[in-house]
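# Sequence and computational prediction follow.
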Amino acid sequence: MRLAHVRERHAPAGSHWRLAAALDPAASTWLDLEVARRRAVVRNPNLAHDSALHRVKVTTLDDHLGRGLRVAGLSELVEGFEPRGGEDDAVLDAEDLVFGPPVLSPPSFRDFYAFERHVRTMWERRGQDIPEAWFRLPIFYFSNTSELRGPGDPVWAPAGCEELDYELEVGALIDTPAVNLPAARGEEAIGGYFVLNDWSARDLQRDESTVRLGPAKGKDFSVSMGPWLVTPDELGDRLAPGSTGPDLRMTATVRTADGRVVETSRGTWSSAHHGFGAMVARASADVRLRPGDVLGSGTVGGGCLLEIREGTLDRYLEPGDEVTLEIERLGRLVTPVVARPPDA
């Protein structure tokens, strides 16, 4: 199942997001889950009393999780949907929609550091080996959740930054309370995955790192997510026994203002050293994870300009660029880079 927050492309300003599910493999049509819920209750009025899913209006995924319901439960609305002949107000055409972040207001965002190639490159640039602790512990930092961007939302470099960079990552959504989960059960707490871009201001980050604290302003100005959330059952056939993730391609391309398209990054999810089960175990140790919390995998090897700009784009990002991150089965996350607004 693929879920997304959507609204009509020409809807009035301030229109609310609606929660929808893809109806076909190409995600060209989407089901408005609130309309599907209402129809199900009309067919069987007992659902309004017997089913927590059907009792209350479906609004956003955040609200759904806040009522103690899990992501997978929404499949009941999809599987029970009966389309009407002709024009159907429950069925939405993707071309008429704008997509938002898969989760609108996550309580927290923990970003990990799970891919060895990326970590090794970073430490080699400092003339050092990867610390032994990295191989034992899934390391993460907390980032900001107030500057969340969805597909198509513009991003700009923060004040004082001349080295804006993307980071190609997998995002995961926690959809049930969890504390002290073992790694073998960690992925049970995940409701779905999505493409994540943890933007970086490399020059600010480099300056901050000299005091061994952070990252802070080099990271917290923006994070992009989308275009939709994909439930784990959609990925299982690409997951080999004992692997840290499904064997899915991860790529990044940059379209420059003059129309040049450069593939800058290519990697695989399965190359992660630490899987999401281990990440959930580390994140939930002695603390409660909450529904809506977001985890990031960290950058796939070669998944940022800091690692591979020489010979590809040969520079950091500039206004007029358009960055596309794509992960097989999770979709394409497209972001325009613009000049910093005067009132930002």
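Received the coordinates, thanks. Numbering: from 1, shown residues only.

# Report the rounded mean pLDDT for the host helix or strand of G192.
Using DSSP states H and E, G192 sits in strand 190-197. Confidence over strand 190-197 (mean pLDDT, whole number) is 98.

# Partner strands of it, with direction?
Note on strand 190-197: by DSSP bridges, its sheet partners are strand 168-174 (antiparallel), strand 223-230 (antiparallel).

# Helix or strand next in line after the longest one, which one?
Downstream of strand 223-230, the first helix or strand assigned by DSSP H and E is strand 249-255.

# List the contacts of the residue nearest to A339 when sequence neighbours are not counted.
Spatially, and ignoring its direct neighbours in sequence, A339 is nearest to P319 (4.3 Å; Cβ to Cβ, 6 or more residues apart in numbering). C-beta here means a position set from N, CA and C on the backbone, and glycine is covered the same way. For P319, the contact set (Cβ atoms under 8 Å, 6 or more residues apart in numbering) comprises W156, A257, V337, V338, A339.

# Give me the domain ranges for this protein.
Following automatic domain parsing, the chain resolves into domains at 2-99, 109-336.

# mean confidence score for the shortest one?
Okay, so that is domain 2-99. Mean per-residue pLDDT for domain 2-99: 94.

# can you map out the helices along the stretch 1-150 of the chain?
33-43, 47-50, 52-55, 61-66, 75-79, 116-125, 132-136 (DSSP state H, counting those that start in this stretch).

# burial measure for the nearest residue to L289 once chain neighbours are set aside, as a count.
Among residues not flanking L289 along the chain, A178 sits closest, at 4.4 Å (Cβ to Cβ, 6+ apart). Residues lying near A178 (other Cβ atoms under 10 Å) number 22.

# same question, H49
H49, neighbours per other Cβ under 10 Å, totals 9.

# ok, so what distance separates it from V41?
Taking Cβ to Cβ, to the nearest Å as the measure, H49 falls 10 Å from V41.

# Likewise for N180?
39 Å.

# go on, L168?
42 Å.

# Comparing those two, which residue is more hemmed in?
L168 (30 against 16).

# For the more buried one, give me its contacts.
Applying Cβ under 8 Å, 6+ apart to L168 gives the contacts N197, M250, T251, A252, S265, G267, T299, V300, G303, C304, L325.

# Could you single out the nearest of those residues to P101?
Closest approach between the contacts of L168 and P101, by Cβ to Cβ: N197, at 11.3 Å.

# looking only at pLDDT, what's the mean for stretch 278-293?
Stretch 278-293 comes out at a mean pLDDT of 98.
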